[in-house]
Structures are given as structure tokens and as C-alpha cells.
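1. give the three-dimensional model of this entry:
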Amino acid sequence: MEAVITILALLFVAFVALGVYAGIKVVGAARRGVDRTITQARRTVEETTLRAKSYGQPGVPGELAQLRLTLRTSMRATQDALHAGVAEDASLSESLGLFERLSVHGRELDDELKRLEREPDRTTVASLLPGLKERTERITHSAESLRWAARDRARQFADDDLDTLNAQIDVEAGALRHWTVEEPSMPTQTPMQPSTQAQTQTPTRARHGDGEGGRPGASGPGGADAPQAIAAADPRRAADYPWQKSARPETTN
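-> Numbers count the residues shown, from 1 in each chain. I've put the predicted structure just below:
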């Protein structure tokens with residue numbers, strides 16, 4: 001009895017632990033989903049604000065906003081392209097590693113541009129703009145190189161696969177159109193020789209010679225070479241066929 005109670009207690013503890021673990025996983029997944037949603041919403045708000053500043057504010061603030069918007073748009077497009085391609089092409093993992101290193105420089109530049117937006121000394125910020133533009137162009141150029149290389153690689157693979165598929169379809173289409181019509185062969189009949197026909201059509205003649213002891217054999221009116229009379233076929237010995245009915249016996253009154 002004590003062993004049964006111990007087993008039940010262990011099962012209860014195991015179920016409780018499993019429930020707690022599943023609850024933690026569910027809560028963690030929900031929290032990550034909420035954080036992802038909040039991050040995307042914040043990112044959308046920031047990009048909308050930057051777009052409004054780049055078009056609505058002239059001078060240094062508008063240029064800083066335009067640089068941030070260009071940087072963020074290029075980096076996000078490259079990130080999406082590499083993450084989508086690495087799932088189908090494992091060789092892009094090295095390119096993804098290079099992009100992660102490039103992202104460090106991109107985040108540092110974005111943070112610097114964000115700080116300069118709040119800088120009251122517009123003259124100093126204006127003097128820094130040429131260097132900031134050059135850094136932005138270098139980072140975005142590297143990101144675009146990775147992005148377009150990944151897209152060209154995927155397109156080349158798709159073209160090669162399409163060429164192979166077209167060649168296979170052409171071969172199959174040619175095989176389907178290749179057919180031959182065989183003429184039905186007529187059975188050959190060998191004509192019978194005239195002598196053979198004569199032998200089959202001529203009735204068999206029975207010859208009777210002299211018997212033993214010098215007694216002449218029996219002969220008919222036509223002599224020894226006269227054909228013998230053909231006896232009438234016995235109807236009782238006629239061949240039976242499946243489709244014939246058996247002859248009924250005659251009844252006598």
C-alpha cells in the first residue's frame with residue numbers, strides 16, 4: 001500500500017512539474033510575441049516620424065532624418081532578404097554573419113544620428129554632415145551588395161532549375177509525340193499442290209489380290225478393281241456435340 005501511495009505521489013509531482021514547465025513556455029512565448037509586436041509598432045512610428053521630418057523640416061534636422069530613414073530601410077531590407085534566403089541556401093550563413101557585423105556599425109551610426117537630432121548647436125551638426133553621409137553611404141552600399149548578391153544567387157538557381165525542367169519537358173514531349181503504327185500482318189496461305197488435291201478428293205480404292213492357296217478373292221461385278229460399297233454410317237455412333245440434343249427413343253404403341 002505504501003508503494004502505491006509513493007507512486008501516485010511521484011506521478012502527481014511529475015504532472016505538476018510538467019504543467020508548470022508548459023505554463024512557463026506559454027507565458028514566455030506570449031511575452032515574446034507581445035515584445036515583438038511592440039517593437040514593430042515602435043519601429044513603424046519612428047519611421048513614420050522620420051519620413052515626416054525628412055519632408056517637413058528643412059535644413060539639418062531634415063537631412064539627419066533622411067539619413068536615418070535611408071540607413072534603416074536598407075538594413076532592414078537586407079536582413080529580411082538574408083533571413084529568407086538562408087532557410088533555402090545554407091551557404092548564405094556566412095553572408096548573414098557578415099551582415100551581423102555590419103549591423104553593429106549601422107546601429108552605432110543610427111544612435112549617433114539620433115543624438116545629433118537633439119543637438120541644439122546646428123552649426124556643429126552641419127559640419128559633421130559630410131562625414132555622416134559618407135558613413136551612411138558606405139554602410140548602405142555594403143548592405144545592398146549583400147542583398148543583391150543573395151537575390152542574384154537565388155535567381156540563378158531558379159533559372160538553372162527552370163532550364164533543367166524545360167529540357168526534361170522537351171524530352172518527354174518528344175517521347176510522347178513519337179509513335180509508330182504497325183500494319184496488321186495477314187496470315188500466309190500455302191496453296192495445295194494439284195497432286196495432293198487429287199489424292200484427297202479421289203476415293204480410296206481397295207485392291208484384293210489372290211488369297212492364300214490359290215483361291216481367288218471375292219470380287220464384285222466390276223472385277224477386282226471395282227470400288228467397294230461404302231457402308232452407311234451408324235447413327236448410334238455419330239459424334240455427340242455439346243449443342244446437339246440426344247436422340248429420343250422411338251415409342252411403340
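
2. how much space between residue 159 and residue 10?
-> Here the criterion is C-beta to C-beta, to the nearest Å. By it, residue 159 lies 61 Å from residue 10. C-beta coordinates here come from the backbone N, C-alpha and C atoms, glycine included.

3. what sits against residue 83?
-> Taking C-beta atoms under 8 Å, 6 or more residues apart in numbering as the contact definition, residue 83 lies against residue 96.

4. A helix includes it, no?
-> Yes - with the criterion set as DSSP: H, G, I helix; E, B strand; the rest coil, the secondary structure at residue 83 is a helix.

5. pLDDT score assigned to it?
-> Looking at residue 83, its pLDDT stands at 89.

6. what is the neighbour count of residue 44?
-> By the other C-beta atoms under 10 Å criterion, the neighbourhood of residue 44 contains 10 residues.

7. likewise residue 106?
-> Using other C-beta under 10 Å as the criterion, residue 106 is surrounded by 23 other residues.

8. go on, residue 7?
-> Burial of residue 7 is recorded as 10 neighbouring residues (other C-beta under 10 Å).

9. tell me the pLDDT of it.
-> Among the per-residue scores, residue 7 holds a pLDDT of 84.

10. could I get the full set of helices for the stretch 51-200 of the chain?
-> The residue ranges that make up the helices of the stretch 51-200 of the chain, judged by DSSP state H, counting those that start in this stretch, are 60-86, 93-117, 122-177, 194-201.

11. buried deepest among those, which one?
-> Of all the helices of the stretch 51-200 of the chain, helix 60-86 carries the top mean neighbour count, a mean of 19, counting by mean count of other C-beta atoms under 10 Å.

12. what angle do helix 122-177 and that one make with each other?
-> Orientation of helix 60-86 against helix 122-177 (axes from the mean of the first three to the mean of the last three C-alpha atoms, to 10 degrees) gives an angle of 30 degrees.
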